[in-house]
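Visitor: predicted coordinates and the sequence they were generated for:
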Amino acid sequence: MKDWIKKALTKHTRQREIPPDPRLVYGVKFTIATTLILSTLEITHIIFLSKWNSKIFSAIRGLSRTVVGIFVNQKT
């Protein structure tokens, strides 16, 4: 598997591998991409305005928790 997200979300049993739902994989990819975009926005906000934007950081933190929760819950 070349797709590391799909590989990380695949459940392994004794006799076979159960692949994740493609909608879950796309959702995780979208969430990671959104987190990267918001991180870039926060960095540019700090560079140009010299201020911390807590609303952007809250969104980043929420999306990060979502991704971690998906990976933890998918493996159990």
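Guide: Here it is on my side, so go on.

Visitor: list the buried ones in the host helix or strand of residue 47?
Guide: Using DSSP states H and E, residue 47 sits in helix 22-49. Judged by neighbour count using 16 or more other Cβ atoms under 10 Å, the buried positions of helix 22-49 are 25, 28, 31, 35, 38-39, 42. C-beta: built from backbone N, CA, C; applies to glycine.

Visitor: now do stretch 54-61
Guide: Per 16+ other Cβ under 10 Å, stretch 54-61 contains these buried residues: 56, 59-60.

Visitor: which of these lies closest to residue 3?
Guide: residue 60 (23.7 Å; Cβ to Cβ).

Visitor: touching, that closest one and residue 38? I think so.
Guide: Yes - using Cβ atoms under 8 Å, residue 60 is in contact with residue 38, at 4.9 Å.

Visitor: any chance of TSV for the buried residues of helix 22-49, columns pLDDT and distance to residue 2?
Guide: Below are these laid out as TSV (pLDDT from 0 to 100; distance: Cβ to Cβ, whole Å):
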residue	pLDDT	distance to residue 2
25	89	13
28	89	16
31	90	20
35	91	22
38	92	26
39	93	25
42	92	30
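
Visitor: no further queries at this time; thank you.
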